[in-house]
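Peer 1: I would like the atomic coordinates for the input below:
(3 chains)
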Amino acid sequence: MLSRTADSLYWVSRYVERAEYLARILDATTRLTNLPSAYGGAGTEWQSAVATAGCEDAFALAYDEANERNVCEFLTFNPDNPSSIRNCFALARSNARAVRTALTSEMWDALNGAWLELQRFERKRMDREEFARFLDWVKNVSLVFDGSAYRTMLRDDGYWFSRLGVHLERADNTARILDVKYHLLLPETEQVGGSLDYFQWTTMLREVSALTAYHWVYREAVKPVLIADLLILNKRMPRSLASCYESISRFLDQIGDAYDRHGPAQRQARKTLASLSNMPIDAVIRRGLHEFIEDFITENNRLGAIIVDQYLQ
Amino acid sequence: MPAFDEMTGGEGGLRSAYVELDRWLKEAPPEMLALRRSQAELFFRRIGITFAVYGDEESTERLIPFDIIPRVLTKPEWTKLEKGLRQRVTALNMFLADVYGKKECLKAGIIPADLVYRNACYQLQMVDFQVPHGIYCHIAGIDIVRVDADTFYVLEDNARTPSGVSYMMENREVMLRLFPELFATHRVAPVDNYPDQLLATLRSVAPRSASSDPTICLLTPGQYNSAFYEHSFLADKLGVELVEGSDLLVKDDIVYMRTTQGPKRVDVIYRRIDDDFIDPLVFRGDSVLGVPGIIGAYKAGNVTLANAVGTGVADDKAVYSYMPEIVKFFTGEEPILKNVPTHRCREPEANAYVLDNLEKLVVKEVNGSGGYGMLVGPHASKAQIETFRQKLKLQPEGFIAQPTLALSTCPTFVASGVAPRHVDLRPYVLSGANGISCVPGGLTRVALQEGSLVVNSSQGGGTKDTWVLDA
Amino acid sequence: MRIRISHSIAYAYAEPVRQLRQVLRLTPRDHDGQHVMSWRITPNIDGRLRSSQDPFGNLVHDFSADGPIENYAIEVNGMVETVNLAGVIRGVVEKVPPAVFMRDTRLTEPSAALRDLATEAAARGGSELSRLHALMETLHERIACVPTGERLGIGAGACLEAGEGIPQDVAHVFMTCARSLGAPARYVSGYVAESQTLPHAGGAHAWAEAYLPDYGWIGFDCANGLCPIDTHIRVATGLDYADAAPVRGARTGGNGESLLVEVRAQAARPRQQGQ
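Peer 2: Model prediction:
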């Protein structure tokens, strides 16, 4: 297929996934800041939300203060923030439009409908309740899009590139949360204790929609080391780094088989997958959680660049 | 002069082609027609959205109105027309080969050399270059108007990138869905083999160095082009890749598509990008739509462009006025299709006549298209006429003038019911190494406003399905 | 007169270029007024350099190279022997009929102001030739010609309106006016040797030529206010700058381009005083 077509399919999925992630961050942060102040919030939750969304620099240029109003506006409808939910949908749709015949009509309808609906939300004045409804709606769009891709696309290279986009973006997002909040998961934090930590931890789990899963997997109280295990190494958890890489590697192999040629992208994915499979969480923490995450982010970006180089240009 | 009505013949009679349709129209309750019309519109809106281009508010409305009453031509009418079209397009191709080659028609004084040399569409790059299989204009759209039962005029030759064929096909599609009963009582010649014919034409003109299964693609300016729907529609029907300039690259004079499996060689490009934008190294340097080096590959004989570069010189309005002589010179036959009598303002005598009769004439800019830069004398204000008078005095060579023609009318379903409206016809003529082909009919455009003669969609024109009756 | 040319064009890119393609019109041809004694074009990176002719008969080099390219330069070195033919161009292989040069182009689009200027200037001359001379003198007085530097051309109409412009645009103004007077006119890019008397000399330059049936093509250098003499080396011609530009290029990648051009055009032996 045309490289541009594959590139657009890949980016459509990335942007939809990113929009969902932004909605999750906002949702979880709103909950955290709604705690009574007796629990001793540090007041930096909104700043942390911006950092988790990965757009601190752009935010600092546009606003003086990281408060609820500014951050929500910046991450939802701000047309100047290239990664606002609005722009994610706009970019997803324009990529989709350029390769319209490569999408199924269900996928197109999901995106086109979302774009029209988004403009209705944009014109509304939103109170907290309405805002919560909006965030739910964003997550739903992503579900519908994902579901229509899963249920209607031919299983060929178009589908695989679209899935690659989802999982690369997802891995990047989970890694970003870990990068910003890794300190909450270190053993010394545990000793400091205090109730805020508990809420911080559950916030992290909510951001990757894993709070329930946590309890099913570990059947114990929320502990930082287990959170790290769940988000990094646990292959049963769909947003964990290991699970994302299992999918990435599988889709790359399918592409490689179909094209009868495996190259640097396949090798790079396998290498990262191995590093996520061969070490228990204790060892990861002993050797330095932060370094591990930073290395992962570097390797994940490298894979993105290799995929572009090998297939998309 | 009253217009010729294709149903009644103008004298309240009933012409044979329309007997069945007339009976059906008389029986059909107006509510049913209105309902079918809104169903048709829904269909167009849906496929418009399906194909995806026009989803946002500003462009959803860009549907071209569709009239549900077909325009009917009889087999003998079409046979004559088709013969004339083949002759005309043969001559166009011979003319192009000649002006870029031996220039015999210039030497023989059939057409003033200046008219060719000074024309910006006469591409110097093409001089003395042998195009693959000697064909320049692979896809032509010839605009035809009718003034009486026997007389068809060519209004314009479109030899660059004529559009609208997707409407021809979609119109038929919607008619088949909405009015199956009409197809039971009429033997209508099909048009849905157009993509097959186009594909065969494109394959036939592949460079000789290409494999027996040449790779073809359709080059579009992109999703913001107003005809993108058609590009995407045709690529789909042809089963070829729809590419943008950035999807192609040229290496060692060979054109490749960038694919996920690496560069793939391209042999034939059905390009819907104008000459000026196709290669920033040769034509407009600011073009981001084109492919750097594609002209080099073309001239090395490694890729076929359809249509060829430089066909615009043949559909220039000033050149048009010489078409009868051109047809005669190259085919040795009398032209079957007439030209609208044309005053060349570059000739002082003609210009004097035009200046004296502006209120009766249609004045057209030589290089204009789409109804822009045009004066329709009988419908123009005094001020508009004066503006054109000044233009004609300043730059007479930029204009031609024609009498206002009484275009034929066809029954059309409008707000007030069924009423006659003026129509034209654009048949599509394909020329390949395999010969010339032309699907029966073409795109009928209709001026929906009462009395209006302007059928352009940009100015309130609509379209109709065009039927050629097989029996 | 022998003129030595050294012309270097150097590019640097913030992001590497993946694919580079350039069309160079940097090589003069022989005609009665000039003889190319030696000429050499040297790109400093590996690539494919092919020569051909364009429709106007200009010598063209097509250079293509694959990246990553971060820096790239072309060196042009040569020596040309010229004679003074007082602006008359003879012995050129003409591939295109003069009528072609009556076309309007984007950079030479006529306007009322340009037409008026042409008519006014023409009123000062009698014969066709003297009308064109008058036109050249008028433009030389009226339009302040400024060095090209990093400025881009803006076209004839805008240049006249601004009352100043780079040599390219001054040439465009002349061509547009000449065409409106009925004389085919073309653009010339080339070099002018260093000179005590010429304001625009010592480097790359642009001027115009007009066609008169009785004389053939004649050069008009409005920026310098004279018909080209033995200081001028013609390199390429066309309908306007775009046809004759020394370098036209396209690339993928290579954002953040910076360009450094150095040109010297010097008499190989110093001219004698008072010539």
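Peer 1: my read is that residue C:64 contacts residue B:293, right?
Peer 2: Yes: if you go by CB atoms under 8 Å, residue C:64 and residue B:293 touch, sitting 7.4 Å apart. Using the backbone N, CA and C atoms, a C-beta is placed for each residue, glycine as well.
Peer 1: okay, these two: which has more neighbours?
Peer 2: More crowded of residue C:64 and residue B:293, by other CB atoms under 10 Å in any protein chain shown: residue B:293, with 26 against 21.
Peer 1: nearest spatial neighbour of that one, skipping sequence neighbours?
Peer 2: Nearest in space to residue B:293, with sequence neighbours left out and distances taken as CB to CB, 6 or more residues apart in numbering or on different chains, is residue B:250 at 3.4 Å.
Peer 1: helix or strand: which one has that neighbour?
Peer 2: If you go by DSSP states H and E, residue B:250 is part of strand B:248-251.
Peer 1: can you list contacts of that strand?
Peer 2: Identification of contacts with strand B:248-251 by CB atoms under 8 Å, 6 or more residues apart in numbering or on different chains yields B:217, B:219, B:255-258, B:263, B:266, B:269, B:291-294, B:296-297, C:19, C:21, C:64, C:252.
Peer 1: out of the residues you listed, which are inside helices?
Peer 2: Among the contacts of strand B:248-251, the members falling in helices (DSSP state H) are B:294, B:296-297.
Peer 1: quick one: which of those residues is most hemmed in?
Peer 2: Top of the ones in helices among the contacts of strand B:248-251 by neighbour count (other CB under 10 Å): residue B:294, with 28 neighbours.
Peer 1: let me know the next secondary structure element after the one helix or strand residue B:446 maps to.
Peer 2: In this assignment (DSSP H and E), residue B:446 forms part of strand B:443-447. With elements assigned by DSSP H and E, the helix or strand that comes after strand B:443-447 is strand B:461-468.
Peer 1: what angle separates that following strand from strand B:443-447?
Peer 2: With axes from the mean of the first three to the mean of the last three CA atoms, to 10 degrees applied, the angle from strand B:461-468 to strand B:443-447 works out at 140 degrees.
Peer 1: give me the sheet partners of strand B:461-468 and which way each runs.
Peer 2: Partners of strand B:461-468 in the sheet, by DSSP bridges, are strand B:66-73 (parallel), strand B:443-447 (antiparallel).
Peer 1: can you pull out the residues in contact with the first one?
Peer 2: With contacts defined as CB under 8 Å, 6+ apart, strand B:66-73 is touched by B:6, B:17-18, B:21, B:25, B:33, B:36-37, B:40-41, B:44, B:81, B:171, B:174-175, B:178-179, B:182, B:186, B:410-413, B:418, B:421, B:423, B:425, B:441, B:444, B:446, B:448, B:462-469.
Peer 1: narrow those to those in strands?
Peer 2: B:410-413, B:418, B:421, B:423, B:425, B:444, B:446, B:462-468 (DSSP state E).
Peer 1: nearest residue to residue B:222 other than its sequence neighbours?
Peer 2: Residue nearest to residue B:222 in three dimensions, not counting chain neighbours: residue B:244, with 5.2 Å by CB to CB, 6+ apart.
Peer 1: just checking, the one you found touches residue B:219?
Peer 2: Yes: counting by CB under 8 Å, residue B:244 touches residue B:219, with 7.4 Å between them.
Peer 1: quick check, whichever strand or helix holds residue B:198 touching chain A?
Peer 2: Counting by DSSP H and E, the element that carries residue B:198 is helix B:194-204. No: shown here: helix B:194-204 not in contact with chain A (CB under 8 Å from any CB of the partner chain), separated by at least 14.5 Å.
Peer 1: and that helix, what's buried?
Peer 2: B:194-195, B:197-204 (16 or more other CB atoms under 10 Å in any protein chain shown).
Peer 1: okay if I get those as JSON lines plus pLDDT and distance to chain C?
Peer 2: Output for the buried residues of helix B:194-204, formatted as JSON lines (pLDDT from 0 to 100; distance: CB to the nearest CB, whole Å):
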{"residue": "B:194", "pLDDT": "97", "distance to chain C": "35"}
{"residue": "B:195", "pLDDT": "97", "distance to chain C": "33"}
{"residue": "B:197", "pLDDT": "97", "distance to chain C": "34"}
{"residue": "B:198", "pLDDT": "98", "distance to chain C": "30"}
{"residue": "B:199", "pLDDT": "97", "distance to chain C": "31"}
{"residue": "B:200", "pLDDT": "97", "distance to chain C": "33"}
{"residue": "B:201", "pLDDT": "97", "distance to chain C": "28"}
{"residue": "B:202", "pLDDT": "97", "distance to chain C": "27"}
{"residue": "B:203", "pLDDT": "97", "distance to chain C": "29"}
{"residue": "B:204", "pLDDT": "97", "distance to chain C": "28"}
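Peer 1: what's the closest of the residues you listed to residue A:140?
Peer 2: Ranked by distance to residue A:140 (CB to CB), the buried residues of helix B:194-204 are led by residue B:195 at 39.4 Å.
Peer 1: from residue B:203, how far out is that closest one?
Peer 2: 12 Å (CB to CB, to the nearest Å).
Peer 1: can you give the strand pairings for the lengthiest strand in chain C, parallel or anti for each?
Peer 2: Of all the segments assigned as strand in chain C under DSSP E, the longest by residue count is strand C:2-27. Next to strand C:2-27 in the sheet, as set by DSSP bridges, lie strand C:59-82 (antiparallel), strand C:247-253 (antiparallel), strand C:257-267 (antiparallel).
Peer 1: same for the next helix-or-strand element following that strand, what does it pack against?
Peer 2: The helix or strand immediately downstream of strand C:2-27 is strand C:34-43, counting by DSSP H and E. Using 3 or more CB pairs under 8 Å, 6 or more residues apart in numbering or on different chains; DSSP states H and E, the elements in contact with strand C:34-43 are strand C:2-27, strand C:59-82.
Peer 1: and these as a markdown table, adding distance to residue C:34 and mean pLDDT?
Peer 2: Below are the helices and strands packed on strand C:34-43 laid out as a markdown table (distance: least, CB to CB, whole Å; pLDDT from 0 to 100):
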| stretch | distance to residue C:34 | mean pLDDT |
| --- | --- | --- |
| strand C:2-27 | 9 | 95 |
| strand C:59-82 | 5 | 94 |
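Peer 1: which one of those lies nearest to residue B:105?
Peer 2: Evaluated over these, closeness to residue B:105 peaks at strand C:59-82, with 29.9 Å, by CB to CB.
Peer 1: so for that closest one, what gets flagged as buried?
Peer 2: Neighbour counts over strand C:59-82 (16+ other CB under 10 Å) mark C:59-65, C:67, C:69, C:72, C:74, C:76, C:78, C:80-82 as buried.
Peer 1: now do stretch B:128-145
Peer 2: Neighbour counts using 16+ other CB under 10 Å place B:129, B:131-133, B:135-145 of stretch B:128-145 among the buried residues.
Peer 1: what of stretch B:264-275?
Peer 2: Within stretch B:264-275, the residues that qualify as buried are B:266-275, counting by 16+ other CB under 10 Å.
Peer 1: how long is it end to end?
Peer 2: Terminal residues of stretch B:264-275 lie 24 Å apart, using CA to CA, to the nearest Å.
Peer 1: ok, now stretch B:138-157?
Peer 2: Using CA to CA, the end-to-end distance of stretch B:138-157 comes to 13 Å.
Peer 1: how far does that stretch sit from the chain's center?
Peer 2: 10 Å (CA atoms, centre = their mean, to the nearest Å).
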